[in-house]
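# sequence? don't have it. structure:
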């Protein structure tokens, strides 16, 4: 999207800790994070596991680092054993949630339809959503990557009013480039991010597209973050393994 003003969009780096770190390890990582200096203007977020959210929120309450959740259920309460609601997250201080992560889709059968309900529930509870999507290796090799991404976005988000995107961050995950031996180039990341932004513009207009941050979630590391983040439509990263080491994570944060 040539001509878009990057200043209008927030730069964001979010660390997804996935199913890693017990309470003691979480405390140690938070202490390591607090010893690092943020030299960029990016918003910084970390997503511990559910059992450590309260501890993390309390430890980082005076820090610029925001604690976010990895998932939530669409129901407010009820007979959903093992699930967590938006209100439960808010009660411990969490205001942002990751939804639609590729691992949730692959291992827990999350669908566009169920994710649309989760997005609705999060927004109804005044939470911000980091919405994930992306194509698999077979999609990329068959040349269907754009249609797959477009459908995932449209099916889960395009029932929303334009103002809802004030509380939505998009996160593109090229599943084919995560743990497969394949590598997504910064140019491939930019091409898809530009396509995503154009898809938003076609549906909601340039203002929404211009103001929606799109993060890259494909094995971003300290040695490639600066080149990836330099692309005009890449507004930050959703970081997995590299977020488990404070120095690596902040090298990515400060790559802007």
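Here it is on my side, so go on. Keep in mind the model is a prediction, meaning the values are calculated, not measured.
# Break down this structure into its strands, ranges please.
For the chain, the strands defined by DSSP state E occupy 12-16, 43-47, 65-67, 96-99, 128-133, 168-172, 214-216, 236-239.
# All the helices of the stretch 151-256 of the chain, residue numbers only.
Along the stretch 151-256 of the chain, the segments classed as helices by DSSP state H, counting those that start in this stretch run 186-204, 206-211, 225-229, 246-253.
# Compare the strands of the chain and give me the one nearest residue 186.
Judged by Cβ to Cβ, the one of the strands of the chain that comes nearest to residue 186 is strand 214-216, at 8.9 Å. No exception for glycine: its C-beta is placed from N, CA and C like everyone else's.
# I'd like to know which elements the closest one is packed against.
If you count contacts as 3 or more Cβ pairs under 8 Å, 6 or more residues apart in numbering; DSSP states H and E, strand 214-216 packs onto strand 168-172, helix 186-204, strand 236-239.
# Next, the angle from the longest one to strand 168-172.
Inter-element angle recorded for helix 186-204 and strand 168-172: 140 degrees (by axes from the mean of the first three to the mean of the last three Cα atoms, to 10 degrees).
# give me phi/psi at residue 78?
phi 120, psi -160 (degrees, to the nearest 10).
# Quickly note the distance from residue 109 to residue 72.
16 Å (Cβ to Cβ, to the nearest Å).
# Between those two, which is the more surrounded one?
Comparing residue 109 with residue 72 by other Cβ atoms under 10 Å, the one with more neighbours is residue 72, at 24 against 8.
# and that one, what does it touch?
83-86, 89, 97, 99, 118, 121-122 (Cβ atoms under 8 Å, 6 or more residues apart in numbering).
# So which of these wins on neighbours?
Highest neighbour count within these: residue 99, with 27 neighbours (other Cβ under 10 Å).
# which residues touch the residue nearest to it when sequence neighbours are not counted?
What sits nearest to residue 99 in space, not counting adjacent residues and going by Cβ to Cβ, 6 or more residues apart in numbering, is residue 118, at 5.1 Å. Residue 118 makes contact with 72-74, 99-100 under the criterion Cβ under 8 Å, 6+ apart.
# just to revisit the earlier point, cross the contacts of residue 72 against helices and list the overlap.
Mapping those onto helices (DSSP state H) picks out 86, 89, 118, 121-122.
# Pass me the low-pLDDT residue ranges in the protein, would you?
Within the chain, the ranges that satisfy pLDDT under 70 run 1-7, 179-183.
# who's sitting farthest from the centroid in it?
Here the chain reaches farthest from its C-alpha mean at residue 79, the gap being 28.2 Å by Cα atoms, centre = their mean.
# Quick check: it vs residue 73, distance?
Taken as Cβ to Cβ, the span from residue 79 to residue 73 is 11 Å.
# Quick one: residues contacting the nearest residue to residue 137 once chain neighbours are set aside.
The shortest distance from residue 137 to any residue other than its chain neighbours is 3.6 Å, reached at residue 176 (Cβ to Cβ, 6+ apart). By Cβ under 8 Å, 6+ apart, the contact list for residue 176 reads 135-137, 139-141, 182, 184.
# can you do 7 Å?
Listed by Cβ atoms under 7 Å, 6 or more residues apart in numbering, the contact set of residue 176 reads 135-137, 140, 182.
# What about the residues you listed, which are in helices?
In helices, defined here by DSSP H, the members of the contacts of residue 176 are 137, 140.
# Next, count neighbours for the nearest residue to residue 136 once chain neighbours are set aside.
Using Cβ to Cβ, 6+ apart and skipping the chain neighbours, the partner closest in space to residue 136 is residue 175 (4.6 Å). Residues within reach of residue 175, counting by other Cβ under 10 Å, total 24.
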